[in-house]
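Participant: Task: produce atomic coordinates for the following.
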Amino acid sequence: MDRHILPPWIPGTFAVVLTLSAQALPTAASEEPTSAEAPEEARVTRIEQGLLPAVHLRDHKAGAMSLHDRLDHYRASALSLAVIDDLEVTWARAWGTVALDREEQVTPESLFQAGSVSKPVAALVTAALVRKGELTLDQPVASLLDARPEVRAALGDRVLLRHLLAHTAGLPPYSWRGWYRDEELPSTAEMLSEAEIAPTRPPGEAVLYSNTGYLLLQLAIEDATGRPFARVAGDELFSPLRLERSSFAEPLPKRLWDSAVWGHYQGEPIRGKGRMYPAAPGGLWTTAPDLARVLAEILRAAADRGSAVVPAGIARAMLTPTSSGTDRTLGWSLEWEGEEARILGAGRVAGFTAYAVGFPARGQGLVVMSNSHGGHALNLEVARAVAAEYGWPGFLVERDVVHLSEEELGRFEGRFKYEVPAGLTITFTARDGKLYGRTGDNPEWEAVPIGEREFTTPGSDAVIRFEVDGTGRATGFRIGIPGGSWTEVSRVEPEAGGEADGASSPRRSQAH
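Facilitator: Numbering: from 1, shown residues only. Now for the predicted structure:
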């Protein structure tokens with residue numbers, strides 16, 4: 001949905017109360033809830049104190065970071081984590097308070113918004129309907145929309161349900177900013193009328209990430225079943241798996257609303273806890289344990305260990321690229337191959353971020369959710385700490401520090417300005433053989449060279465990749481988190497007298 005990268009070096013200014021909560025977790029496939037044995041507290045402590053940046057600089061000593069400190073750094077009040085081992089959700093923990101200005105502590109039963117991790121959950125709702133024979137993945141979407149001739153005409157007969165799930169329908173990207181809770185939420189059809197729904201390239205040929213495709217999926221399911229999507233998800237997925245703290249409904253039932261945490265944007269609570277979004281593309285409210293049970297259900301079904309909702313064939317398709325050369329499956333992204341292959345999903349809406357990753361060959365995975373708009377980097381730091389504890393591959397990159405001369409570093413000096421947040425600047429200065437950055441009026445931080453035009457900083461996930469002109473002078477840079485989104489930022493040229501004018505508008509790109 002609404003995604004952009006905030007600079008990672010803005011220190012937090014809000015204290016966070018840290019608390020540890022435990023919960024016995026029922027397995028999704030069992031008839032009766034069973035208590036999972038609590039993990040060793042030493043393991044939890046190592047994870048709490050062992051958060052890691054994405055890049056390890058061999059020539060720089062960077063100690064592990066504490067979860068308490070990083071919550072404060074990212075101006076999040078709460079984080080929830082659930083871990084999968086041996087195809088089951090084995091433990092969960094939650095830290096913090098429901099909002100930065102409140103003392104009520106969170107538990108693993110606290111609800112967060114999942115953002116685009118709603119999409120693989122919507123894919124599982126589709127799979128449940130396929131299992132019952134109500135849908136097939138290879139039927140044209142238009143065949144489910146008899147009462148909507150304008151949508152049928154725009155789609156034609158070549159767009160299949162399978163294409164919507166895998167982002168291969170050729171539909172252009174579109175994001176809904178969301179509605180506050182004192183506003184009226186439009187119907188699915190009304191929301192869809194805002195977007196372009198005619199394919200811009202032949203369906204099935206290439207990946208083009210599209211929120212519109214999942215809203216079309218929502219409309220098709222509603223028309224095919226005669227029920228609102230939120231009700232279908234509850235009847236066909238959440239109830240069979242006994243996921244009692246998950247819902248696509250807006251407004252949320254009071255029993256869930258009271259357990260929902262507040263989203264935060266730049267340290268300020270979102271009005272009404274969070275905005276309302278189209279359900280299937282990004283409107284899920286859930287807990288980390290519930291979302292982990294959804295992921296575990298897919299891993300179990302693909303391993304022929306049984307599933308209450310998803311056919312084994314569809315589950316395996318969720319772990320397999322839709323075509324050669326793509327990293328998209330039915331609902332998920334795919335990284336690595338063979339024994340190290342992992343599926344993942346990441347989501348962000350105003351005030352919330354979520355991250356889920358599963359290792360099919362290992363039967364392991366995790367879900368981490370936080371309530372800060374800039375919390376994706378925090379989620380990844382937690383994921384790397386869990387990966388280090390369990391020995392998961394591919395989470396930490398080791399890089400050598402590159403030596404650049406004072407003259408080479410001088411090419412990157414200057415003042416650069418973001419469009420979002422409006423007016424935010426980063427100034428780079430070369431001094432004493434090093435490059436220093438300053439975000440706004442905050443303290444300087446060192447930008448460590450890891451390539452001729454690429455920098456990072458100890459203790460941060462972010463990487464800066466400078467763009468230069470024909471003389472080698474920096475004209476802007478891309479800042480982002482490996483595995484996440486990237487933002488392009490432009491140089492601000494000084495006016496006469498030393499004042500800076502407005503920069504050209506930076507562009508946003510998405511890694512999804």
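Participant: The stretch 201-350 of the chain: strands as residue ranges?
Facilitator: Counting by DSSP state E, counting those that start in this stretch, the stretch 201-350 of the chain has strands at residues 264-265, 268-269, 285-286, 333-335, 342-349.
Participant: what's the closest of the ones you listed to Gly414?
Facilitator: Ranking the strands of the stretch 201-350 of the chain by proximity to Gly414 (C-beta to C-beta) places strand 264-265 first, at 28.1 Å. C-betas here are computed from N, CA, C, even on glycine.
Participant: how about the strands of the stretch 201-350 of the chain, which one is nearest Val117?
Facilitator: strand 342-349 (4.1 Å).
Participant: any idea how the protein splits into domains?
Facilitator: 112-129+178-185+227-397, 406-509 (automatic domain parsing).
Participant: what's the least confident stretch among these?
Facilitator: When mean pLDDT is averaged over each of the domains of the chain, domain 406-509 scores lowest at a mean of 79.
Participant: thinking again about what came up before, using a markdown table, lay out the strands of the stretch 201-350 of the chain together with mean neighbour count and distance to Gly133.
Facilitator: Shown next, in a markdown table, are these (neighbours: other C-beta atoms under 10 Å; distance: least, C-beta to C-beta, whole Å):
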| stretch | mean neighbour count | distance to Gly133 |
| --- | --- | --- |
| strand 264-265 | 22 | 44 |
| strand 268-269 | 18 | 45 |
| strand 285-286 | 26 | 27 |
| strand 333-335 | 18 | 28 |
| strand 342-349 | 25 | 26 |
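Participant: can you tell which of those is closest to His403?
Facilitator: That would be strand 333-335 among the strands of the stretch 201-350 of the chain, by C-beta to C-beta, at 31.4 Å.
Participant: contacts for that closest one?
Facilitator: Applying C-beta atoms under 8 Å, 6 or more residues apart in numbering, the contact partners of strand 333-335 are 319-321, 327-328, 341-345, 394, 483, 512.
Participant: and the host helix or strand of Phe428, what does it pack onto?
Facilitator: Here Phe428, judged by DSSP states H and E, is contained in strand 425-431. For strand 425-431, the elements it packs on are helix 406-410, strand 414-417, strand 434-439, judged by 3 or more C-beta pairs under 8 Å, 6 or more residues apart in numbering; DSSP states H and E.
Participant: if I pick the closest residue to Phe395 other than its chain neighbours, what's in contact with it?
Facilitator: For Phe395, ignoring the flanking residues on the chain, the nearest one in space by C-beta to C-beta, 6 or more residues apart in numbering is Ala387 at 3.9 Å. Residues in contact with Ala387 (C-beta under 8 Å, 6+ apart) are 393-396.
Participant: Now Ala387: which helix or strand?
Facilitator: According to DSSP H and E, Ala387 maps onto helix 376-390.
Participant: Show me which positions of that helix end up buried.
Facilitator: 376-388, 390 (16 or more other C-beta atoms under 10 Å).
Participant: ok, those residues vs Pro281, which is closest?
Facilitator: When the buried residues of helix 376-390 are compared against Pro281 (criterion: C-beta to C-beta), the nearest one is His376, at 17.5 Å.
Participant: For that closest one, give its distance to Ala76.
Facilitator: The gap separating His376 from Ala76 is 11 Å, by C-beta to C-beta, to the nearest Å.
Participant: And for Glu48?
Facilitator: On the measure of C-beta to C-beta, Glu48 and Ala76 end up 15 Å apart.
Participant: do Ala220 as well
Facilitator: Distance from Ala220 to Ala76, by C-beta to C-beta: 36 Å.
Participant: about what we covered before: with secondary structure as extra columns, can I get the contacts of Ala387 in CSV?
Facilitator: Listed next are the contacts of Ala387 as CSV, based on DSSP: H, G, I helix; E, B strand; the rest coil:
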residue, secondary structure
Pro393, coil
Gly394, coil
Phe395, coil
Leu396, coil
